[in-house]
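A.B. asks: Sequence and predicted structure below; questions after.
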Amino acid sequence: MADDPEEEGDEVTLNSDKITEIIDESIKTTLNSVSWNSKKVDQWTSNIIEHTLKRLAEMKKPFKYIVTAVIVQKTGAGLHSAFTAYWDNSADGICSVPYENDTIHCITTVYGLKLD
């Protein structure tokens, strides 16, 4: 058995638990103590995406990553997100983490596409 739980033999899979942890850390570092401010949303979104990508790159796994973040003001309206992809389900994957506080809804998503 391999030392790394995401490596079995020569197979490398997307470690969704680790990626969820990275996304959660990125969101909470940026949004935990803030209230809605429309002038800061661009910076918050950039911070979450950049921090997440940096941590993913540090894993040094054979994946290309796409990171998206949506931040909206919490007003009582719903926030829905969906995606579809034509990919290899055995190698590629997605991790999506929702977050909310009293004034903000955020959904951050990582798409991992295995390099051949």
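C.D. replies: Received the coordinates, thanks.
A.B. asks: tally of neighbours for the closest residue to C95 other than its chain neighbours?
C.D. replies: On the basis of C-beta to C-beta, 6 or more residues apart in numbering, the spatially nearest residue to C95 that is not a chain neighbour turns out to be I19, at 4.3 Å. Glycine gets a C-beta too; all of them are placed from N, C-alpha and C. Number of residues near I19 (other C-beta atoms under 10 Å) recorded here: 25.
A.B. asks: From the rest of the structure, what touches whichever helix or strand I19 is part of?
C.D. replies: Taking DSSP states H and E as the definition, I19 sits inside helix 16-31. Contact partners of helix 16-31, identified using C-beta atoms under 8 Å, 6 or more residues apart in numbering, comprise 6, 44, 47-48, 51-52, 55-56, 59, 71, 93, 95, 97, 99, 101, 104, 106, 108, 110, 112.
A.B. asks: List only buried entries from those.
C.D. replies: Buried subset of those (neighbour count, 16 or more other C-beta atoms under 10 Å): 44, 47-48, 51-52, 55-56, 71, 93, 95, 97, 99, 104, 106, 108, 110, 112.
A.B. asks: quick one: which of those residues sit in strands?
C.D. replies: In this view, those that belong to strands under DSSP state E are 71, 93, 95, 97, 99, 104, 106, 108, 110, 112.
A.B. asks: what would those look like in a markdown table with distance to F63 and pLDDT?
C.D. replies: As requested, those are arranged in a markdown table below (distance: C-beta to C-beta, whole Å; pLDDT from 0 to 100):
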| residue | distance to F63 | pLDDT |
| --- | --- | --- |
| I71 | 25 | 96 |
| G93 | 9 | 93 |
| C95 | 12 | 95 |
| V97 | 17 | 96 |
| Y99 | 23 | 95 |
| I104 | 29 | 96 |
| C106 | 23 | 96 |
| T108 | 17 | 97 |
| V110 | 9 | 97 |
| G112 | 4 | 96 |
